[in-house]
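Student: Just a sequence and a predicted model for now, questions to come.
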Amino acid sequence: MPTIYHALAEIEKNNETAALCTVVTSQGSTPRHVGSKMLVYPDGRFIGTVGGGDMEHRVLDEAWVAMTDGRARVIKYSMVDPSRGDVGVCGGTVEVFVEPILPAPMVVVVGSGHVGKAVVHLAKWLGFRVAVSDDRAEFCNPEAAPGGDAYYPVPMEKLTEQFKVTKQTYFVLTTRGANVDVLGLPSLLASPAAYIGVIGSKRRWSMTVKGLKEAGVSDEAIARVHSPMGLELNAETPEEIAVSIMAEILMLRDKGTGKMMKA
């Protein structure tokens, strides 16, 4: 069995999800010392232990919740009187820090024209992993669109077959027309992606909506799309438009308001 540290390295390398649970305080008689660790996987597997018994089962439950909501937490357990809900009878108390380990957020730029290339550059500079996709292979490679971590020269409707889409995935569609979006959006809308944005005017988006509805896509699914995407900056150049798009993604990810901070 690999050590927890080896397993953590593999999780990071493969961009996977897990939760690391660590005993951070221990007072009185408790089953494990401070620093004891347990690494929990989404499928229920775990490495290590924080004490076993009912306490460990509760920590496992907290780990699965943390992997879902992305929030770390510290849980305090008393081990005195099970009749009042305590997790044991050892006589002490213990606190466990549960830390979700989530895939690095990834921006997937679909359509590597002028704006797409600018988004690739800016998203990479902002610390995102970046994937580039275009059904035209000559536009989807490191020479045509520098800075990507991965390149998927496939039609948009095949894109979700190429990698695992998570709640840390942000789709930015800088495509060449509504016809491309109508064909490709349904598969993206069926994914758990955090963000799906489509470039273009309100008229272009209305044409896309019409095509999606004719294809049987529900209003609820269509409402997930941000189009026209970005914040209103009166942006004109590809670089300015990229700032507008990434500003919206950061605002939504970090629960900002988009308002000026000046009172």
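Tutor: All right, it came through fine. Here the structure is a predicted model, which means the values were calculated and not measured. Numbers count the residues shown, from 1 in each chain.

Student: Quick check: K167 touching R253?
Tutor: No - between K167 and R253 there is no contact under C-beta atoms under 8 Å: 10.5 Å. Using the backbone N, CA and C atoms, a C-beta is placed for each residue, glycine as well.

Student: Mind jotting down where the helices sit in the stretch 151-263 of the chain?
Tutor: Secondary structure of the stretch 151-263 of the chain, counting by DSSP state H, counting those that start in this stretch: helices at 178-189, 202-214, 219-222, 238-253.

Student: Nearest to A19 among these would be which one?
Tutor: A19 lies closest, by C-beta to C-beta, to one member of these: helix 238-253, at 20.2 Å.

Student: residues making contact with the closest one?
Tutor: 105, 107, 114-115, 117-119, 121-123, 126, 170, 172, 194-195, 197, 199, 226, 229-233, 235, 256-258 (C-beta atoms under 8 Å, 6 or more residues apart in numbering).

Student: model confidence over that helix, on average?
Tutor: The pLDDT scores in helix 238-253 average 97.

Student: What residues of that helix count as buried?
Tutor: Neighbour-count burial for helix 238-253, counted by 16 or more other C-beta atoms under 10 Å, picks out 238-239, 241-249.

Student: which one of these is nearest H33?
Tutor: Distances from H33 to those, taken by C-beta to C-beta, are shortest for I249, at 42.5 Å.

Student: ok, that closest one to F46 distance?
Tutor: From I249 across to F46, the span is 33 Å (C-beta to C-beta, to the nearest Å).

Student: got it, and A118?
Tutor: A118 sits 43 Å away from F46, going by C-beta to C-beta.

Student: now swap in A72 and tell me
Tutor: In terms of C-beta to C-beta, A72 sits 17 Å off from F46.

Student: Comparing these two, which residue is more hemmed in?
Tutor: Counted by other C-beta atoms under 10 Å, A72 and F46 do not tie: F46 has more neighbours, with 20 against 12.
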